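Asks: Just need the structure, nothing else, for what follows:
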Amino acid sequence: MLLLPPVAVLVALGGVWFFALVAGILTLAVIEFCKLMRRGHFQPSVPFALAMLWVLLLDAQCPDWQPFGLRLLEPGITGVLLGSLSWQLLHRGEHPTVDWALAMAGPLYIGWCGAHFIRLRHFPEGMWWVAVTLAATWCADVGAYVVGHLWGHRPLAATLSPKKTWEGWGGGVVASGLAVAAVAALWDALAAPAAIGILPGALIGAFVGGTTLLGDLTVSMIKRHMGAKDTGTLFPGHGGALDRMDSLLWAGLLVYYLAAWITHS
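Replies: Numbers count the residues shown, from 1 in each chain. Alright, predicted model coming up:
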């Protein structure tokens with residue numbers, strides 16, 4: 001909760017300030033991912049993993065920047081892929097192929113999904129769409145925790161996250177729907193006309209809140225495979241940056257495409 005005011009300010013400011021927020025958190029998440037892989041005796045290259053991440057982030061932030069007459073994405077990914085493969089040929093470890101694959105796959109997942117937050121903020125009403133994303137995700141987490149703690153008894157994914165229940169998931173869906181409906185009402189009151197009404201907002205919230213559980217379970221799967229409880233210790237008692245971003249990675253991407261469809265139509 002202490003982080004909510006500064007996050008709200010950076011979301012409202014947008015531009016380079018919001019980019020710095022997203023880029024900073026995702027950089028820490030990629031570093032945590034690489035460290036987590038070391039628990040399985042793999043050695044993905046942190047510099048090349050970060051290079052892949054930043055190519056994706058800079059392409060999202062500067063879509064019109066075209067070095068060599070090409071979008072940054074094309075020469076950037078080409079350089080990172082070939083450079084990381086060349087590095088593995090010269091510095092072969094015990095698992096060179098897996099090390100290379102992990103160095104590319106981890107930041108590709110984190111960076112590609114996370115970069116949609118930057119693209120979403122670039123929309124004409126991007127501040128409100130980011131607010132929708134954060135409200136849906138955070139309230140889904142709170143609703144799932146409260147309802148699951150009080151009434152949950154049917155395990156949802158016992159092998160990946162034993163404390164999650166179907167009742168908790170349902171509570172998260174309802175809480176997320178109500179939260180986005182409230183954001184839609186505030187949006188209409190402060191910046192009318194809003195792109196979404198209260199009922200569409202509730203439906204969007206329920207959809208996002210119900211789906212982003214998959215992002216949470218994805219990171220749980222990775223942690224369980226590596227024998228780790230958390231991805232890091234950035235937030236004492238709450239894990240690392242990747243733990244905090246697991247559901248948001250899916251939420252930002254989903255809301256981006258929903259917003260693109262709604263605003264285009």
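Asks: Now do the helices in the protein.
Replies: 4-13, 15-38, 46-61, 73-90, 96-121, 126-151, 166-191, 198-211, 213-226, 241-264 (DSSP state H).
Asks: Include distance to G232 and mean neighbour count when you put the ones you listed into JSON lines, please.
Replies: C-betas here are computed from N, CA, C, even on glycine. Formatted as JSON lines, those follow (distance: least, Cβ to Cβ, whole Å; neighbours: other Cβ atoms under 10 Å):
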{"stretch": "helix 4-13", "distance to G232": "18", "mean neighbour count": "13"}
{"stretch": "helix 15-38", "distance to G232": "4", "mean neighbour count": "20"}
{"stretch": "helix 46-61", "distance to G232": "14", "mean neighbour count": "21"}
{"stretch": "helix 73-90", "distance to G232": "23", "mean neighbour count": "15"}
{"stretch": "helix 96-121", "distance to G232": "13", "mean neighbour count": "22"}
{"stretch": "helix 126-151", "distance to G232": "18", "mean neighbour count": "22"}
{"stretch": "helix 166-191", "distance to G232": "24", "mean neighbour count": "21"}
{"stretch": "helix 198-211", "distance to G232": "25", "mean neighbour count": "21"}
{"stretch": "helix 213-226", "distance to G232": "11", "mean neighbour count": "19"}
{"stretch": "helix 241-264", "distance to G232": "6", "mean neighbour count": "21"}
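Asks: which intervals of the stretch 151-265 of the chain have sub-threshold pLDDT?
Replies: Scanning the stretch 151-265 of the chain for pLDDT under 70 picks out 237, 265.
Asks: Show me the one of the helices of the chain that comes nearest T159.
Replies: Shortest distance between T159 and the helices of the chain, using Cβ to Cβ, is found for helix 213-226: 7.6 Å.
Asks: what packs against the closest one?
Replies: The contact analysis (3 or more Cβ pairs under 8 Å, 6 or more residues apart in numbering; DSSP states H and E) places helix 213-226 against helix 15-38, strand 155-157, strand 161-165, helix 241-264.
Asks: tell me how far that helix is from the chain's mean position?
Replies: 13 Å (Cα atoms, centre = their mean, to the nearest Å).
Asks: what's the answer for stretch 72-85, then?
Replies: The answer for stretch 72-85 is 23 Å, by Cα atoms, centre = their mean.
Asks: same check, this time on stretch 8-27
Replies: On Cα atoms, centre = their mean, the centre of stretch 8-27 falls 13 Å from that of its chain.
Asks: now it: mean pLDDT?
Replies: Mean pLDDT, computed over stretch 8-27, is 94.
Asks: what sits against the nearest residue to L102 once chain neighbours are set aside?
Replies: Once flanking residues are discounted, L102 sits nearest to P44: 4.0 Å by Cβ to Cβ, 6 or more residues apart in numbering. Taking Cβ atoms under 8 Å, 6 or more residues apart in numbering as the contact definition, P44 lies against F33, C34, M37, D99, W100, L102, A103, G106.
Asks: Make JSON lines from the helices of the chain and add distance to A158 to it.
Replies: As requested, the helices of the chain are arranged in JSON lines below (distance: least, Cβ to Cβ, whole Å):
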{"stretch": "helix 4-13", "distance to A158": "32"}
{"stretch": "helix 15-38", "distance to A158": "22"}
{"stretch": "helix 46-61", "distance to A158": "31"}
{"stretch": "helix 73-90", "distance to A158": "37"}
{"stretch": "helix 96-121", "distance to A158": "24"}
{"stretch": "helix 126-151", "distance to A158": "13"}
{"stretch": "helix 166-191", "distance to A158": "11"}
{"stretch": "helix 198-211", "distance to A158": "19"}
{"stretch": "helix 213-226", "distance to A158": "11"}
{"stretch": "helix 241-264", "distance to A158": "18"}
